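*Asks:* Okay, structure incoming, though there's no sequence with it:
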């Protein structure tokens, strides 16, 4: 019976060690996914801010150009404002089809993206 007790004790310790290692692996994978998601969100925010300033200054430039053409500042800025109102209406109409789907798919791709080690494990043929 001593050999059986040693076997079961050793098996129990091995299983506990395996479960601890598996839990640690899951934690590390979750941290990796969240860090990728955070990096993607931060870079997206940075791109959005830079794009905002580019569009802002181009809009002011276009408004002054139209104001010069029409010889009326109000008409120049009014044309640009009307353009942005149309863009806003289109964004509101198509937000579910375009924006929400794009954001949702990006987050899902980041969270369920397999690492190279996982790819190696899943692409090896079974023997």
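*Replies:* That came in fine, so what should we check first? Keep in mind that what you see is a predicted model, and the values were worked out from it rather than measured. Numbering: from 1, shown residues only.
*Asks:* Now do the strands in the chain.
*Replies:* Counting by DSSP state E, the chain has no strands to list.
*Asks:* Kindly provide the distance from residue 81 to residue 55.
*Replies:* Computed as C-beta to C-beta, to the nearest Å, the residue 81 to residue 55 distance reads 13 Å. Placement of C-beta: from N, CA and C, glycine included.
*Asks:* Residue 46 too?
*Replies:* The gap separating residue 46 from residue 55 is 15 Å, by C-beta to C-beta.
*Asks:* cool, and residue 7?
*Replies:* Taking C-beta to C-beta, one finds residue 7 at 70 Å from residue 55.
*Asks:* And for residue 111?
*Replies:* Look at residue 111 and residue 55: by C-beta to C-beta, they are 31 Å apart.
*Asks:* Which of the helices and strands in the chain ranks last by mean pLDDT?
*Replies:* Taking mean pLDDT, DSSP states H and E as the measure, the chain has helix 116-123 as its least confident helix or strand, at a mean of 54.
*Asks:* Please, where are all the helices along this protein?
*Replies:* Ranges of helices in the chain, per DSSP state H, are 2-70, 73-94, 101-111, 116-123.
*Asks:* which stretch in those helices has the least confidence?
*Replies:* If the helices of the chain are sorted by mean pLDDT, helix 116-123 sits at the bottom with a mean of 54.
*Asks:* ok so, going back, let me have the helices of the chain in a markdown table, extended by mean neighbour count.
*Replies:* Formatted as a markdown table, these follow (neighbours: other C-beta atoms under 10 Å):
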| stretch | mean neighbour count |
| --- | --- |
| helix 2-70 | 11 |
| helix 73-94 | 12 |
| helix 101-111 | 12 |
| helix 116-123 | 9 |
